[in-house]
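J.: my questions concern the predicted model and sequence given below.
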Amino acid sequence: MSRAASLRQAAYLAVVIVVIGSMPLLLDAGFYIQIGATTGAFMVAVIGYNLVLGETGLLSLGHAAFFGVGAYTFSVLRTEDVPTLLAVVGAIGLPVLLAFFIGVITLRVRHLYFAIATFSIAEIIRNVIREWDGVTGGVLGMSVPRLEIFDRSFSGASGAYPLILATIVVALFAHAYVSSSALGRRARAVRDDELGAEAMGVPVLRTSISMFMIGAVFAAAAGCLYALTLTFIDPSVLHYHESILLIAMLIVGGAGSLAGAVIGAVVISLAPELLRFIEHWWEIVFGVIIMLAILSGRRGIVGFAGDLYQRVRQLRRHTTAESGLSLAEVSERSFTPRGEEHELVVSGVRKSFGGVQALDGVDVTFHPGEIHALIGPNGSGKSTLVNVITGIYGPDEGAVMLGQTALQGRRPDEIARAGVARTFQHTRTFEELTVLDHVLPMVESTGLQGVQARDEALSLLAATGLEGTADLAVGRLPHAHLRLMEIARALALQPRVLLLDEPAAGLSGEESELLGRIIRQLERDRLAVVVIEHNMPFVLGLAESVTVLGEGSVIARGRPDEIVNDPVVQEAYLGAEDSGAAGDPVDTTDNRSEQ
Amino acid sequence: MLQLTVAGVALGSIYALVAIGFVIIYRATGAVNFAHGDMVTVGAFAALWATTVLEAPILVSWLVAVLMLGVLGMLTYRFVYRPLRHHPFLAVAIATLGLAFVFRGVLFVIFGPQPAALPSPVGGGAVSIGGAVVSRHLLLIIGVTAVLVVSQALFFRHTFLGKSLRATAENQEVARMLGLRTNRIILWTFAYGAGLAAVAGVLLAPVRFVTLDLGFGVLLKAIVGAIVGGFGSLPGALVGGLIVGLAEVFGASLISSAFRDTFAFGILIIILLVRPHGLFQVKAEEKV
């Protein structure tokens, strides 16, 4: 979503929440003020949690810790007569520091470790608060000092109520701002495909930690509001039940959507109050709703409503999605790389997996302004070599040098920013994002911003024949067009070296021709282009220089005509085809299905 | 000292059983099962149901619990994991959190919130070993775990089904190419993992009461154990589980019982700082 659209959505939600939210206050309905205030505090936390789970894909099982630490820090500082403003700064600052610490130690390994570590740290903190009687009141809890500004009390549900409404509005706009920023786009790229994002130059660790810290700000603010509302807190505010409640709210409402966070907070807070007659069944109902939200592949209530809306609209219009590929109108442009011209030299690279020697001392040099084909039978190590060059695997031995810069041992995103970009054999995309959203973060990583970045992204799309698809969700594009989009994304990084892993697979003749034209343009622009292909006619018609791999070693190199007539190459191919005739043999080094 | 060691190893054995079940399912499917802890709870309640409603002898009730959980494991695979097999890690993890809600809710509706006691087949007595008084049930826990771990190791190494399980865990595609029926193998893996959870549940129940919260806390400590040992490795899960159990028991009695849980979770933080891939360092290359 563009920034304007994002902010507009936040504004709509803010208006609705303020209108509905002020009713209990105007009607002076005590019961609803109480529920409304706690729901509101949770809503702020869930909006923040959406940035963590919904936008970055980080499952924190201890998010209530930030909520609780915020609440306690605020209460303790206020008890010590620290000025309110300073108390708020402390109550938000401490959880943010905590988030930074947790992020640094756990996000290197992500996923399960992150989930468990967040849970563990939340439990440790709860334990400390429970036992630190002198300051926190221990198990019995502590009362929260009253907050009065200009004789107006902001304590208790009705006192805190206006403050909560105001904070929700701020939270909505803050969410819209972060989510539509470059950071938000990078976060979504990480969420949908960590490895792909990394290969496209997105600093995964920094992005994840930043989003996690921002989520902690929201949770801490929510904690302060919660403390003010209840005027009394005990260690149960940090209990993992509260963290799971946040997850339930987000999933039921619709993860990844601001409206989803809001709706989820309301539904889950109100359901047990309004549906008292289902009594203990509510846990089962929540569980089933959470599972259905995942199993149905829809994003919660919001996703469900969205699908329904789309379906109704389609019924009315009878339009089918147009592919929008306009090969006739492909614009010519140059793709001048950044920085100085360098060769990419791979020397003596070895890599084994378990007992299998996937690469056994490979030497190869890729020159600027040259199209280099890397071919070989299945399992010969082509993909492994590309993965070693781009930092997805570290080599066991050997070096990868771009000019004077050693690339081995560096992270994929560092290598991408150093000027080596790639596309993947299996197209890696994020179904719900638009084509433009896929390309934009890559353009932004080169330092362009705002309108300039957008123009550059559109120009790249125009050059790859995808201009008409810029605003289509990627899930609606045919496979072949995704491959072209991958190339546009890689080129957005202005690379020196471009590695294309089977770019022509699945392309029609016309599309292959376009691909060939783009590759020749890259040659003129002095890029080193490496094409890994099975499609021999395509690659041999294009490349000036060919390297053939067989069982992890270079078995031949030379001009295409030399290679075609080389008996060693013929044997490697024929031999491989005989044994692997039963279909596409599984390349064990290239198997993603297990993840 | 001996008393504490036995208590620590017994608690660690429980964590290890849960961790092994969790890791086996993870290896077979590449997905985590956050409902695994609640399967421990379900196991304990199943045994409770068998002893009270069916008036079965305790050992029979254990068998009932293990069989019921085996079936529950298969159902979980069929109706939660299989439909989600092409989904990312996160989706499956969250779905199992939902499943945990369902398990817990169902138990609540059937059994209510009151804690109940499940007796041990060896009674509540103690034996004296070298002057130290050691509870018989704790020794039973250690014994059962040891037998299970050893027979499991033999099973994986020497039987066809065991080898198929390992091959499937190693690489599903290749296993399928070799003609293994990976679906069925994963189904059995689930049955086995859930069965282990039931064993942990019935072993733990006489030490604590049977409550709705019995399993979830145990699961998280078991996962801590698995990570400490090196996530994905079965020996790692065993050793890590024992370490966490010992740390918890010794920390609680020698340093402070109030910070009991902190010792277990603190180890995780230390491990993540010092040796992020665990003691048994199973640094799997990420596959592209």
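T.: Perfect, thanks for sending it. Note that the structure is predicted; figures quoted are calculated from it, not measured.
J.: please name the residues that touch residue B:23.
T.: Each residue near residue B:23 by CB atoms under 8 Å, 6 or more residues apart in numbering or on different chains is listed here: B:226, B:231-234, B:237. Where C-beta positions appear, they are placed from N, C-alpha and C, glycine not excepted.
J.: closest to chain A out of the residues you listed?
T.: Minimum distance to chain A across these is 6.8 Å, recorded for residue B:231 (CB to the nearest CB).
J.: what's the local residue count around the residue lying closest to the closest one once chain neighbours are set aside?
T.: Nearest residue to residue B:231, sequence neighbours excluded (CB to CB, 6 or more residues apart in numbering or on different chains): residue B:278, at 6.1 Å. Number of residues near residue B:278 (other CB atoms under 10 Å in any protein chain shown) recorded here: 25.
J.: could you flag which of the contacts of residue B:23 are buried?
T.: B:226, B:231-234, B:237 (16 or more other CB atoms under 10 Å in any protein chain shown).
J.: can I see the domain layout of chain A?
T.: A:3-239, A:339-419+A:495-595, A:429-494 (automatic domain parsing).
J.: first to last residue in the first one, what's the distance?
T.: Taking CA to CA, to the nearest Å, the span from the opening residue of domain A:3-239 to its closing residue is 36 Å.
J.: so it, near chain B or not?
T.: Yes - under the criterion of CB under 8 Å from any CB of the partner chain, domain A:3-239 makes contact with chain B via A:53, A:57, A:59, A:105-106, A:108-109, A:111-113, A:115-117, A:119-121, A:123-124, A:127-128, A:130-131, A:195.
J.: just the ones of those in strands?
T.: The strands, defined by DSSP state E, take in nothing from the residues of domain A:3-239 next to chain B.
J.: make a PyMOL selection of the buried ones in those residues.
T.: A single PyMOL command selects the buried members of the residues of domain A:3-239 next to chain B (16+ other CB under 10 Å):
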select buried, chain A and resi 53+57+59+105+106+109+111+112+113+115+116+117+119+120+121+123+124+127+128+130+131+195
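J.: mind picking the lowest-pLDDT entry from the buried ones among the contacts of residue B:23?
T.: Checked by pLDDT, these have residue B:232 as the lowest-scoring entry (80).
J.: and that residue, that's in a helix?
T.: No - Residue B:232 is assigned coil when assessed by DSSP: H, G, I helix; E, B strand; the rest coil, not a helix.
J.: next to chain A, which bits of the stretch 1-150 of chain B? Give me the list.
T.: B:30, B:32, B:80, B:83-84, B:87-95, B:97-106, B:108-109.
J.: filter the residues you listed to the buried ones?
T.: By 16+ other CB under 10 Å, these give B:32, B:80, B:84, B:87-95, B:97-106, B:108 as buried.
J.: state the pLDDT value of residue A:159.
T.: 81.
J.: same check, this time on residue A:329
T.: Per-residue confidence (pLDDT) for residue A:329: 62.
J.: again, but for residue B:10
T.: The predicted local confidence for residue B:10 is 91.
J.: kindly report the same for residue A:68.
T.: So residue A:68 comes in at 92 (pLDDT).
J.: so which of the domains of chain A gets nearest residue B:67?
T.: Closest to residue B:67 of these is domain A:3-239 (CB to CB; 29.3 Å).
J.: now do that closest one: distance to the chain's middle.
T.: 21 Å (CA atoms, centre = their mean, to the nearest Å).
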